[in-house]
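Novice: sequence unknown, structure follows:
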DNA sequence: TATTGACTTTGAGCGCGCTCCAGGATGTAC
DNA sequence: GTACATCCTGGAGCGCGCTCAAAGTCAATA
């Protein structure tokens, strides 16, 4: 805790964001006004970092800024907002679960299509190219 | 194939998009100019539907419109674009895999935080509320 | 015949989440 | 002292992916 704090640049790197984004998050109330050095430059604490990592994780999983604002507000109110905050997290978690299912479906579909392409390419190399091309057209049509 | 084709409305419903979006996709070349009824209204075929479902699946997994355009263009060129198209699909699939990992991490984090909230709520109900509240503050801080 | 409703077009508008710009202050190195 | 880097602020701008408004056509129904 002797630490004078992280500069905006280094904190940005640590959290996988840009300095622009950090200022933006502060502006819109996602993070409380951050400590300053004598010259007015921001100095981020370890607690700030933990919170920013959490925010980053929520954004990376498509939580809208508005929702994050709601959560941040409740967090600042402190007492008695636990259930509401938990609800937000549970809802988001459900959304994540749904997203995973979507992604897995797409992943499987792509595996199928890629296999199809490979087969077609294989045939094209072996057969008479002119003939193969016409077959490829028909086969690929069903592939998309 | 006796089918006169789907209206824009019904196709929108079938594909989980709006009619606006279907026209937009056509405008930007994601889908070839679609068949028309005598009165000029669009009539979508089963092949259109299959392609639109594919597009929807790619969009739902965050493929940018630009990339979908590239893919659609290659598809229209037909012959000899198989490898390029496969590359696009493979890249996107890798992206999807990465997304799934992100989402799973977030899901796990949320499970942890939610459990934490539940514990805190439990304690709050059991103990002297005034005391519990102060503890809650401290505990929740570490939860975010 | 008049109204309703589903469709057509072109082109503008919008919400989101940044992202950048201009102009200025401060601090370190040569 | 002067160059250079890093930061500051307020506000404008941007790319994406739709989304909608306005004005018009057409077919069926009351």
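Specialist: Here it is on my side, so go on. Since the model is a prediction, treat every value here as computed from it, not as a measurement. Numbering: from 1, shown residues only, chains lettered A, B, ... in the order given.

Novice: from here on, contacts and neighbour counts on C-alpha atoms
Specialist: Noted.

Novice: in stretch A:90-103, what counts as buried?
Specialist: A:90, A:92-93, A:95-97, A:99-100, A:102-103 (16 or more other CA atoms under 10 Å in any protein chain shown).

Novice: DNA strand C contacts on chain A?
Specialist: A:18, A:20-21, A:24, A:38-39, A:59, A:62-66 (CA under 7 Å from any atom of the strand).

Novice: need the pLDDT of residue A:128.
Specialist: pLDDT recorded at residue A:128 is 60.

Novice: got the residues of chain A next to DNA strand C as JSON lines, with neighbour count columns?
Specialist: What follows is the residues of chain A next to DNA strand C, written out as JSON lines (neighbours: other CA atoms under 10 Å in any protein chain shown):
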{"residue": "A:18", "neighbour count": "16"}
{"residue": "A:20", "neighbour count": "11"}
{"residue": "A:21", "neighbour count": "11"}
{"residue": "A:24", "neighbour count": "13"}
{"residue": "A:38", "neighbour count": "7"}
{"residue": "A:39", "neighbour count": "6"}
{"residue": "A:59", "neighbour count": "14"}
{"residue": "A:62", "neighbour count": "14"}
{"residue": "A:63", "neighbour count": "18"}
{"residue": "A:64", "neighbour count": "11"}
{"residue": "A:65", "neighbour count": "15"}
{"residue": "A:66", "neighbour count": "11"}
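
Novice: so which bits of stretch A:28-42 are buried?
Specialist: A:30-31, A:35, A:42.

Novice: now those residues as CSV including secondary structure and pLDDT?
Specialist: CSV is the format used below for these (DSSP: H, G, I helix; E, B strand; the rest coil; pLDDT from 0 to 100):
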residue, secondary structure, pLDDT
A:30, coil, 98
A:31, coil, 98
A:35, coil, 97
A:42, strand, 98
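
Novice: that older thread, next, format the buried residues of stretch A:90-103 as JSON lines and append secondary structure.
Specialist: Shown next, in JSON lines, are these (DSSP: H, G, I helix; E, B strand; the rest coil):
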{"residue": "A:90", "secondary structure": "helix"}
{"residue": "A:92", "secondary structure": "helix"}
{"residue": "A:93", "secondary structure": "helix"}
{"residue": "A:95", "secondary structure": "helix"}
{"residue": "A:96", "secondary structure": "helix"}
{"residue": "A:97", "secondary structure": "helix"}
{"residue": "A:99", "secondary structure": "helix"}
{"residue": "A:100", "secondary structure": "helix"}
{"residue": "A:102", "secondary structure": "helix"}
{"residue": "A:103", "secondary structure": "helix"}
